[in-house]
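**Q** no FASTA, just this:
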């Protein structure tokens, strides 16, 4: 990894009722309208409209996944902020909360 490049991302997932995730992560998968997007530290800034699908994120060797329905994400080199709604069948686990 080049010098000055972040080695993690600050992921914040915000739903209408709560801050669902507030974690330092190593990678994030987002359900874009045209398919899944993989985001790593150092990613170019991007504004993404989300479709229905799963958000996944990895902290070390542990991966978390939950279903979302629409929204958008602001991607920066060192952080991602997601505004979305959980799918009706999405389960909020204590493990997924930051």
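**A** Arrived safely. In this text the structure is predicted, and so the values were computed from the model without any measurement.
**Q** where in the chain is pLDDT low?
**A** Applying pLDDT under 70 to the chain flags the ranges 1-3, 89-98.
**Q** Pick out the residue closest to the middle of it.
**A** In the chain, the residue lying closest to the centroid (C-alpha atoms, centre = their mean) is residue 28, at 5.0 Å.
**Q** Quick check, that residue in contact with residue 9.
**A** Yes - using C-beta atoms under 8 Å, residue 28 makes contact with residue 9 at a distance of 6.4 Å. For glycine as for every other residue, the C-beta is placed from the backbone atoms N, C-alpha and C.
**Q** Quickly list what's touching both of the two.
**A** 39, 80 (C-beta atoms under 8 Å, 6 or more residues apart in numbering).
**Q** Helix, strand, or coil at the residue nearest to the centre of the chain?
**A** strand (DSSP: H, G, I helix; E, B strand; the rest coil).
**Q** In contact with it, which residues are there?
**A** Residue 28 sits next to 9, 11, 38, 39, 55, 56, 57, 58, 80 when contact means C-beta under 8 Å, 6+ apart.
**Q** and the closest residue to residue 85 other than its chain neighbours, what element?
**A** Nearest non-adjacent residue to residue 85, counting by C-beta to C-beta, 6 or more residues apart in numbering: residue 69, 5.0 Å away. Using DSSP states H and E, residue 69 sits within strand 62-75.
**Q** packing partners for that strand?
**A** strand 46-49, strand 52-59, strand 79-86 (3 or more C-beta pairs under 8 Å, 6 or more residues apart in numbering; DSSP states H and E).
**Q** buried sites along the shortest one?
**A** The neighbour-count check on strand 46-49 (16 or more other C-beta atoms under 10 Å) flags residue 48 as buried.
**Q** Who does that strand pair with, and is each partner parallel or antiparallel?
**A** strand 62-75 (antiparallel) (DSSP bridges).
**Q** Brilliant, that's me finished.
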